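[1] Give me a model of this one.
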Amino acid sequence: DEHLKRCIADLQNLYARNVPLSISTPLVAVRESVARSVDSERVDSKASTLWLPSWMSHILDASTEASSVFSALSEKEDVGEDGEAKAALQERVSMSAAGITTVWTANRKTCVRISAVLLPEHILAWMDDYAEALESVLHRQRVSAELVGSSGGTLEGCLKEVEQQFQHLQAQAAQDASSDFCRSDGSPAILCGMSVARGSRAVLLNATGSAWSLQDSYKVVTSEVKSSEKDSENSSEKVPEWMRPNILSGFQLAASAGPLCEEPLRGVALILHGCQELGSEEPHGSDKPALGAAAASPYGPLSGQVMVAAKDACRYCIFRRGFSRICEAMLSLEVHCEQEMLGKVYAVLGKRRAKVQDEGLREGTSL
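    So this is what the prediction gives:
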């Protein structure tokens, strides 16, 4: 900020005296994140877990409109004397006490369940160190020399190296403290997506028990692997193959533009807990939706609805009451000044909310 003021003063007084300048306020890039934990006294136990700002309060009103009614027959629904199932209201966006956000598609046939936790510091540092290499492999589909490992220079080998390094860091996080990246059976969640574009640092973890890994997300899987996965995915909470690209696309959109101020997410792990289908138009294991059903649906193809639902789930889980954060950039620097100017320097640093960590006198000088 001070350097910018000095440059503007030099332009106005020395180098461009007669040139009109249009000067705006400084634009400071911020990032959106979540807190690791929140003190219980700061959170109202009687209030809803999902907290939305005033400019997004219409979401709660729209989630219980008449379009939210579905009449899919299930075993738990009451059946009247005329044999018809009673219609039940279904909120499109809801959040459990544990912070797991459930978002239904527009036709109320499919939902995804996602929660957000804070990434450990060493995993975030690893993503910062290999940001360019990760962006080359994940977003540009190019081989990176830093992540080749013993693969012989293939994209599949780079993806495998990323998975192995992340699993090693994930194991370290589990040893340091109780890990938030575990599934219900205690096994660690599987890395199936990552975003480092536009300064974002977010990962998508699969905790559903499906055989969905990072290599499945960013490369073409052989038909033999697909057929073996179809046989193993019988649970309604697991992620069908046709839904995975749509969930990954929704995650990428949410990671590049968070819900608080449309800035990238940093240090956030989004955990996919499961999905549910009611009267699915697309059976488990189908590669693409039925064209006739997609054309007849007033809400468009189900694949697009799943992508929007996944994006909304990733964004709304940031609104867990008391956990959402906005991260500002911090500059680490050394300041040298004369002793008689020390008071003015402290005044300038105080205006910028600076924190002096150490100070000393250089021997033989007045600095």
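
[2] Verify the contact between residue 261 and residue 32 for me.
    Yes: taking CB atoms under 8 Å as the contact criterion, residue 261 and residue 32 are neighbours in contact, 6.9 Å apart. Just so you know, the C-beta spots here come from the backbone N, C-alpha and C atoms, and that holds for glycine as well.

[3] Rank the helices and strands of the chain by mean pLDDT and give me the bottom one.
    Across the helices and strands of the chain, mean pLDDT, DSSP states H and E gives its lowest value to strand 69-70, namely a mean of 32.

[4] Now do the closest residue in space to residue 32 that isn't next to it in sequence: how many residues are near it, please.
    Of all residues not flanking residue 32 in the chain, residue 258 sits nearest, at 3.5 Å (CB to CB, 6 or more residues apart in numbering). A total of 24 residues lie near residue 258 under the criterion other CB atoms under 10 Å.

[5] what does residue 197 give?
    The burial count assigned to residue 197 is 17, neighbours taken as other CB under 10 Å.

[6] can you tell me how far the residue nearest the centre of the chain sits from residue 164?
    By CA atoms, centre = their mean, the chain has its centre lying nearest to residue 255, at 4.4 Å. Relative to residue 164, residue 255 is positioned 22 Å away (criterion: CB to CB, to the nearest Å).

[7] before we move on, what about residue 171?
    Applying CB to CB to residue 171 and residue 164 gives a distance of 11 Å.

[8] Show me the strands in the stretch 1-150 of the chain, by range?
    With DSSP state E, counting those that start in this stretch as the definition, the stretch 1-150 of the chain shows strands at residue ranges 30-34, 69-70, 88-89, 93-95, 101-104, 110-118.

[9] show me where the chain has helices.
    Chain-ordered helices for the chain, with DSSP state H as the definition, fall at 2-10, 58-62, 121-129, 131-138, 155-176, 214-218, 223-232, 244-256, 291-296, 302-316, 342-351.

[10] Tell me the buried residues in the first one?
    Right, helix 2-10. Within helix 2-10, no residue qualifies as buried by neighbour count (16 or more other CB atoms under 10 Å).

[11] Against residue 311, how distant is the residue nearest to the centre of the chain?
    For residue 255, the distance to residue 311 under the criterion CB to CB works out to 10 Å.

[12] what's the least confident stretch among the strands of the stretch 1-150 of the chain?
    Across these, strand 69-70 has the smallest mean pLDDT, namely a mean of 32.

[13] Give me the distance between stretch 99-113 and the centre of its chain.
    With CA atoms, centre = their mean, to the nearest Å as the basis, the distance from the averaged C-alpha position of stretch 99-113 to the chain average is 17 Å.

[14] same thing with stretch 267-278?
    Going by CA atoms, centre = their mean, where stretch 267-278 is centred and where its chain is centred differ by 11 Å.

[15] average pLDDT across that stretch?
    If you average the pLDDT values across stretch 267-278, you get 89.

[16] What residues of that stretch count as buried?
    By neighbour count on 16+ other CB under 10 Å, the buried set for stretch 267-278 is 267-275, 277-278.

[17] any idea how far residue 158 is from residue 204?
    18 Å.

[18] picking up where we left off before, need the residues touching each of residue 261 and residue 32.
    residue 326 (CB atoms under 8 Å, 6 or more residues apart in numbering).

[19] Compare these two and say which is more crowded by neighbours.
    Counting neighbours by other CB under 10 Å for residue 261 and for residue 32 shows that residue 32 has the greater number, 25 against 10.

[20] Surely the residue nearest to the centre of the chain and residue 266 touch.
    No: the pair residue 255 / residue 266 is not scored as a contact, 9.4 Å apart, by CB under 8 Å.

[21] Now do the shared contacts for these two.
    Taking CB under 8 Å, 6+ apart as the contact definition, residue 255 and residue 266 share the neighbouring residues 200, 202.

[22] Tell me where this protein is predicted with low confidence.
    Counting by pLDDT under 70, the chain shows low-confidence ranges at 1, 40-48, 52-90, 149-152, 176-187, 219-237, 279-297, 366-367.

[23] how does it look with 50?
    Scanning the chain with the threshold set as pLDDT under 50 gives 62-89, 220-235, 281-287, 291-296.

[24] pull the longest strand from it.
    Assignment by DSSP state E gives strand 266-277 as the longest strand of the chain.

[25] what are the pairing partners of it, and which direction each?
    Each strand that pairs with strand 266-277, with its direction, by DSSP bridges: strand 110-118 (antiparallel), strand 201-206 (parallel).

[26] okay, these, which one's buried deepest?
    Among these, strand 201-206 has the highest mean neighbour count (mean count of other CB atoms under 10 Å), at a mean of 27.

[27] orientation of that strand relative to helix 302-316 in degrees?
    Regarding strand 201-206 and helix 302-316, their directions subtend 120 degrees when assessed with axes from the mean of the first three to the mean of the last three CA atoms, to 10 degrees.

[28] contacts for strand 201-206?
    Strand 201-206 is contacted by residues 119, 123-124, 127-128, 131, 166, 181, 189-195, 212-213, 239, 247-248, 251, 255, 264-272 when judged by CB under 8 Å, 6+ apart.

[29] which of these count as buried?
    Members of the contacts of strand 201-206 classed as buried by 16+ other CB under 10 Å are 119, 123-124, 127, 166, 181, 189-195, 212-213, 239, 247-248, 251, 255, 264-272.

[30] if we can go back for a sec, with residue 101 as the reference, name the closest of the helices of the chain.
    Distance to residue 101, taken as CB to CB, is lowest for helix 302-316 among the helices of the chain, at 5.0 Å.
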